[in-house]
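Enquirer: need coordinates for the following:
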Amino acid sequence: MSTLRSSPASSALDLAAIRQDFPFFETGIAYLDSANTAQRPRRVLDAMEGYFTQYNSNIHRAVYRTSMQATEHYDATRRKVREFINAKSVKEIVFTKNITEAINLVAYSWGRQNIREGDLIVLTVMEHHSNIVPWQILAQEKGARVAYVDIDDQGELRLDQFHELLEQEPRLVAFAHVSNTLGTITPCRELTAAAHAAGAVVLIDGAQGVQHVGVDVQEIGCDFYGFTGHKVLGPTGSGVLYARRELLEAMPPFLAGGDMIRAVFLDHTEYAGLPEKFEAGTPAIAEVIGLGAALDYLQDVGMDAIRAHELELTEYTLEALSEIDGLRVFGPPAPRRSGVVAFDIEGIHPHDIATILDRHDVCIRAGHNCAMPLMHRLGVAATARASFFLYNTKEEIDRLLVGLHDAKRIFR
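Expert: Next up, the predicted model:
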């Protein structure tokens, strides 16, 4: 059982109690890389162990007790996801292994059925490769075009360019809810409404959004929204695609095999209904159950409290980094970004920064963050990136600063 909680009347988190829920922090390591993958609370680990040790069975395929129990726990996560993102129906929730698979599902199923020669696909320069490469492949195959919305000097989207591209009546608009490098929070509702008015379908990459700034897919009005389990305190191998029911009903299956069929004959197959039509084969049962436990944990802590805590850490970090000579931070001011701070230091490669920080038991990401077009736009080969979540403390930020000063001393 969890020992935490935040006060309903306050955004303050009981960090000491929260950190006790995460076995990783017994190592003493300052983990500032949650945008890469998050740590897991004991509740998630216990839920997965419970499946493996108490009712390890396949789902949707048997009538004995443990199989029924596994099926119920698996299906319960679908209900939790529907509530967490406020979808209309569980039939709009498809389990995938990550956001990459979710986007590829849309590209291969909806995309190959709806994108035609000459059609325009609108993306942004700050997308993760997972929200670029599938559309490039599709455009090349179909003879479609891909255009990109640029960013301004603060790392926010050029809305003037966005609206200019909409005048060309794109077929699809796809963008990240939150940039994994800049932390930029995209005005999803505004962009979605404008794209729909231009006749476009909208896909949102929520890998960095749903766990940090929250999401209401009905309020946003998007057609597709996906996220990854291991970034929301859940296990790897779990992910979610939300799609409006009428779109899913019209889309052909992405993968074929067991559990996605209603009946198979020698000359044809009748497909299962939603969402099973898109979940072929034995799924990642334990991982989905773990994802459900992770969403329970986030709900119990409170998304507003998490956002307030991350904002406090981000403001603290940005102020401290501004006092380091030769250090440049990328991205917008704290209120318009998530808990992600990418930076570089003049004369020191980000990989060297990360290596020195590792000697101080501080973990950050260094590299192009799977966003090479954005690196080209920023004029750098790579960045160093610190990212925060509900369990991080100001003391860990202080350890980051000590390590950065050490890096400057070494390369002085």
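
Enquirer: C-alpha only now, for contacts and for neighbours.
Expert: OK.

Enquirer: now the helices: where do they sit in the stretch 201-350 of the chain?
Expert: Here the stretch 201-350 of the chain has its helices, by DSSP state H, counting those that start in this stretch, at 217-220, 245-250, 285-301, 303-321, 350-359.

Enquirer: which among those is found nearest to residue 236?
Expert: Judged by CA to CA, the one of the helices of the stretch 201-350 of the chain that comes nearest to residue 236 is helix 285-301, at 7.1 Å.

Enquirer: give me the contacts around that closest one.
Expert: 4-6, 13, 40-41, 43-45, 47-48, 51-52, 58-59, 70, 73-74, 76-78, 80-81, 84, 95, 211, 229, 232-238 (CA atoms under 8 Å, 6 or more residues apart in numbering).

Enquirer: got the buried residues for stretch 70-88?
Expert: Residues 70-71, 73-82, 84-85, 87 are the ones in stretch 70-88 that count as buried (16 or more other CA atoms under 10 Å).

Enquirer: so of those, which ones are in helices?
Expert: 70-71, 73-82, 84-85 (DSSP state H).

Enquirer: can you add pLDDT and distance to residue 341 and give those residues back as TSV?
Expert: Shown next, in TSV, are those (pLDDT from 0 to 100; distance: CA to CA, whole Å):
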residue	pLDDT	distance to residue 341
70	98	40
71	98	41
73	98	37
74	98	35
75	98	37
76	98	35
77	98	32
78	98	32
79	98	34
80	98	30
81	98	28
82	98	30
84	98	26
85	98	26
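
Enquirer: in JSON lines: those, plus distance to residue 277.
Expert: Shown next, in JSON lines, are those (distance: CA to CA, whole Å):
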{"residue": "70", "distance to residue 277": "20"}
{"residue": "71", "distance to residue 277": "17"}
{"residue": "73", "distance to residue 277": "20"}
{"residue": "74", "distance to residue 277": "16"}
{"residue": "75", "distance to residue 277": "15"}
{"residue": "76", "distance to residue 277": "18"}
{"residue": "77", "distance to residue 277": "18"}
{"residue": "78", "distance to residue 277": "15"}
{"residue": "79", "distance to residue 277": "17"}
{"residue": "80", "distance to residue 277": "20"}
{"residue": "81", "distance to residue 277": "18"}
{"residue": "82", "distance to residue 277": "18"}
{"residue": "84", "distance to residue 277": "22"}
{"residue": "85", "distance to residue 277": "21"}
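
Enquirer: ok so, going back, quick one: buried ones out of the contacts of helix 285-301?
Expert: 4-6, 13, 40-41, 43-45, 47-48, 51, 58-59, 70, 73-74, 76-78, 80-81, 84, 95, 211, 229, 232-238.

Enquirer: kind regards, and thank you for your time.
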